[in-house]
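**Q** Sequence and computational prediction follow.
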Amino acid sequence: MSSAGETFKPFVGLEVVIDTTSSYIFIGTLVEVTDHMLTLKDVDVHDRTESTSTKERYVMEAKKFGVKTNRRGATVRTETVVCISRLSDIIEY
């Protein structure tokens, strides 16, 4: 069985979207992975409850117009991650 850190390592160095069990999504460059934490730089930390846009629309706009960086860095606990994907893999419709 692989560790949480091993699962996320292929995303290091890439712009990613991290969906969590909380109301927050994180869009930024993944720079470090441990078994318990993901560290991102140039991050948009977005609280879905403070927006009229759907999560999908918000992520598509980040891909189309660029990440609205509001943090130089952020860490996310791996236990809260529901989904991680490359920003480049987001399909615009």
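**A** Received the coordinates, thanks.

**Q** Other residues contacting the longest helix seen in the chain?
**A** For the chain, the longest helix by residue count, based on DSSP state H, is helix 55-65. Outside helix 55-65, the residues within contact range by C-beta atoms under 8 Å, 6 or more residues apart in numbering are 17, 19, 25, 27, 44, 46, 48, 51, 53, 68, 87-88, 90, 92-93. In this view, the C-beta of every residue, glycine as well, is placed from N, C-alpha and C.

**Q** repeat for stretch 13-31
**A** Counting by C-beta under 8 Å, 6+ apart, residues outside stretch 13-31 touching it are 8, 11-12, 38-49, 55, 58-59, 62, 67, 69, 71, 73-74, 76, 80-88, 90.

**Q** Return, as residue ranges, the portions of the chain with sub-threshold pLDDT.
**A** For the chain, the stretches flagged by pLDDT under 70 are 1-2.

**Q** Could I get the full set of strands for it?
**A** Under the criterion DSSP state E, strands of the chain are mapped to 15-20, 24-33, 37-47, 71-77, 81-86.

**Q** picking up where we left off before, report the inter-axis angle for the longest helix of the chain versus strand 81-86.
**A** Here helix 55-65 points in a direction 30 degrees away from that of strand 81-86 (axes from the mean of the first three to the mean of the last three C-alpha atoms, to 10 degrees).

**Q** List the buried residues in stretch 73-80.
**A** 74, 76, 78 (16 or more other C-beta atoms under 10 Å).

**Q** Brilliant, that's me finished.
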